[in-house]
Structure formats: structure tokens, C-alpha cells
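1. the following block contains a protein sequence and its predicted model.
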Amino acid sequence: MEDYELHEEEFFAKLEESEFSRSSMLRRSAAAALGLTILGGSPSLAWAARRATGAAPPLKGTPGNMAALVAAAKKEGHLNVIALPPDWANYGELISTFTKKYGIGITSDNPDGTSAQENQAIVSLKGDPRAPDCVDVGPSFAVDGARQGLYARYFPSTYSTIPRAMKDTRGYWMGDYWGAISIGYNAGLIGTPPKTFADLLKPEYKNKVALNGSPLTSNSAVAGVFAAAIANGGSLSNISPGIDWFAQCKKVGNFIPVATTPQTVASGQTPISIDWDYNNLAYGPEFPSAKWKVNIPADGVYGGYYCQAVNATAPHPNAARLWQEFIYSDQGQLLYLKGFAHPARFTDMFGRKVIPKALINALPSGALYNKVKFASLGQITAAKATIQKEWPSKVGA
């Protein structure tokens, strides 16, 4: 048995023995996140090793070629990731677990970067050993990246169990996890909990409503606009009412031009945040003094997913593909679930009864998501174009 296989067996044994709670999950994630900027190895030395081998990486992952992929990735000796905050979807523990399992150091660059910045980094750093080996972007940005030729094709060994609606059938990208838009709020600063988008226009929330980024560059923010559209007479095919809602929220003085981050939540700078459920749910135990609470807006339940893609000119192409194998394995998918994000392969894993009951019980009630709506790739692309056209003049850059 290989070392990485033994590590995986130990992981599942500990998982079955563990008791889970939201606070314990976040404590573990935070501990795993310490020192993530560089985890072992030298990217420049790994780049030199990669240039020396020159071997073509595989197109598909199979049980038969896994040992060879692991060996090739270890020879490269490093992995560059980008825009993966350690407290977002449990990426802190995902990264530290990968390094411990395979002995491959990781550089985690620009953790608070946007999907647009991830794709731009592939372009700007082409041929540079610091370039990202893979990206984690919103669907519209994944479509753009594939169209521009930024990504390489790769089919992880669990590809068939990823829902058809969450992947590019050519192998350029695939969804890794999903969540729903929620309203998080600081109960110490907010007297009456906002439960809908309509509530957020009330005078009591003046200078208190924030969004996770700008929809001009951030997939999270695009999702927030989708949810607002659904809540205000729009639809997945008509996002303009969502843009108008944010314009109105700004006009009445409630919407503030501050992008939500863990720091703004902890400091109270963003008392209310429109963001993914897994982010807002994580803030509660992460920042106890903020007394952070979460509601799914009853009038705008929108869900969205993120996509993994391998850089076509990755400095560590085999390590990039091994990262895909890891996050789409049962082990990697369960680590997303520990961070309150629904993994792409949830249905397959639930059907095979490999998800511990304690882990499922630690999540919010499934009834909260009964009305969730997902936009198609065509609808996302059209919405993004509308936002680029209308947001600057109606809401601002």
C-alpha cells in the first residue's frame, strides 16, 4: 500500500470516529490554514524539474495510472493555487491535507482574488513558475477561460459521477461544490434580523448592507444579483431587476461600497452581507464576538457552483491533475462538506452511504434549499453581459 493510500484510510477512520459541530469544524479549518502561503518545496526548483522531464501529462485519471500520476507530481514537487481563502469551503484543510497526503508543497497566492483575476493570472504569468496550476472560478468565467484556450482538458477518475449540468463534456472544467445565496448579519449590531431582500431596503439597515465583491469581476456577487432579481420580479433569464434592486438599495443609503471579507465581518464594517451560505455559516463560529447569524432569503433562493480547471500552460501539470483527483475523490468532497459547501458528487456519495451521519447533521436543514434555482450556462453568460452593461451606470464600478 502506498503512503498516500494509507493516509486516506486513516482519514476515513478518524472521520467515522469524530463528533462534528459547526464550531469544531471551523476550529480545525482555521488550524489547518496557518502558514498556507508556502507549504514546503520551492516552486522554482519544481519548475526546473518539470522542464527537465518534459513528459506529457495524462488526459484521463484511472485507477491504473494513479501511481504514475502521483510519482510524476512528486517529481515536480510543487503546486500553485490561487484565490482559495482558507476559510472558504474549508480550503484551509483541503490544502493542508493534500500536502500531508502526497508530500507536495503548495503556494496559495492571492487568496481573496476574484474569478476574473484567476483567469488573468494564467495570461499574465504564462511561462512563469509562479503561474497558477489550476483555478477555481464561477461558471461564466470557466466558459470564458475555455473559449480563450486558457485551460487544459482533464477527466478525473470520478468524472462520471459529477452531475452533467456541472461540467464541460470536453473536459476543460467541472463543478466542485455549490451553495446558496444567504443573508448574514451581526446580531450585536442588527436588532431585527433581515429575512428577505425586501427587508434590506428598510431604513433601519442604512449603511449596513454589503455584497461579497463586485459583480463585474466576482462570481459570488453575480450570484447575489441573481438572487435579488428572483426576489424582485426578475428571473434566471432576466437579471436586470436585480441590478435595479441594488441601485435602489444604494439610493436609499443601505448598500455600502465595501466588499465583504472575513476581516470586515470580524470588525463590524459589514454588518449585513449578501454571500454564499457556506461563507456566512462559517463566520459564526469563526468570529464569536460578531454574533453572526444567517438566513436564506425567502424571496430569492438562488444556488450556484464553482468550477475547477487546469491551466493549459501549468508549471506543474501533473501536480495540477493530482489536485483534481484529490478534490474530486470521496475524501476531498467530504472536506468541502465539512466547510458547509455541498460537494458536486454529493448525490453519488449519499447513495453509496459514505457520508457520515454526524457530518450531515451538522448542516442546516435541507428544507431551506427546497426552492433553490440554478441558472444554466447560457443564462449565466447572458446575465454577466447585462451586468457589464448596466451595473456601472446604475450602481457604480
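-> Thanks, I have it.

2. where's Ala83 relative to Ser157, distance?
-> Ala83 sits 25 Å away from Ser157, taking Cβ to Cβ, to the nearest Å as the criterion. The way it works is simple: take the backbone N, C-alpha and C, and place the C-beta from them, glycine included.

3. residues in contact with stretch 202-215?
-> 114, 189-192, 194, 199-200, 218, 220-222, 224-225, 246, 249, 252-256, 258-260, 264, 270-276, 279, 387, 391, 397 (Cβ atoms under 8 Å, 6 or more residues apart in numbering).

4. buried sites along it?
-> 205, 208-215 (16 or more other Cβ atoms under 10 Å).

5. for stretch 238-249, same thing?
-> 239-249.

6. CA atoms only for it, dumped as CSV, please.
-> C-alpha atoms of stretch 238-249 as CSV (Å, rounded to 0.1, in the frame of the first residue of the first chain):
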residue,chain,number,x,y,z
ASN,A,238,-33.8,38.5,-16.7
ILE,A,239,-31.3,39.8,-14.2
SER,A,240,-32.0,43.5,-14.7
PRO,A,241,-34.4,43.7,-11.8
GLY,A,242,-31.6,42.5,-9.5
ILE,A,243,-29.4,45.3,-10.8
ASP,A,244,-32.2,47.8,-10.2
TRP,A,245,-32.7,46.5,-6.7
PHE,A,246,-29.0,47.2,-5.8
ALA,A,247,-29.4,50.6,-7.4
GLN,A,248,-32.4,51.2,-5.2
CYS,A,249,-30.6,49.9,-2.1
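
7. just how off-centre is it within its chain?
-> With Cα atoms, centre = their mean, to the nearest Å as the basis, stretch 238-249 stands 24 Å off its chain's centre.

8. end to end, how far does stretch 350-369 reach?
-> 17 Å (Cα to Cα, to the nearest Å).

9. so for it, what gets flagged as buried?
-> Quick answer for stretch 350-369 (16+ other Cβ under 10 Å): 355-356, 362-363, 368-369.

10. one more: stretch 386-397?
-> Neighbour-count burial for stretch 386-397 [16+ other Cβ under 10 Å]: 386-387, 390-391, 394-395.

11. now, these that are in helices?
-> 386-387, 390-391, 394 (DSSP state H).

12. number of residues surrounding Gly300?
-> Around Gly300 there are 26 other residues, counting by other Cβ atoms under 10 Å.

13. dihedrals phi and psi, it?
-> phi -150, psi 80 (degrees, to the nearest 10).

14. pLDDT wise, what is it at?
-> For Gly300, the pLDDT comes out at 94.

15. same thing with the one 3 residues further on?
-> Model confidence at Gly303, expressed as pLDDT, equals 93.

16. that one should be in a helix, yeah?
-> No - the assignment for Gly303, made by DSSP: H, G, I helix; E, B strand; the rest coil, is strand rather than a helix.

17. how far away is the closest residue to Ser329 other than its chain neighbours from Ile190?
-> Setting aside the residues directly before and after it, Ser329 is nearest to Thr158 in space (Cβ to Cβ, 6 or more residues apart in numbering), at 6.6 Å. According to Cβ to Cβ, Thr158 stands 42 Å off from Ile190.
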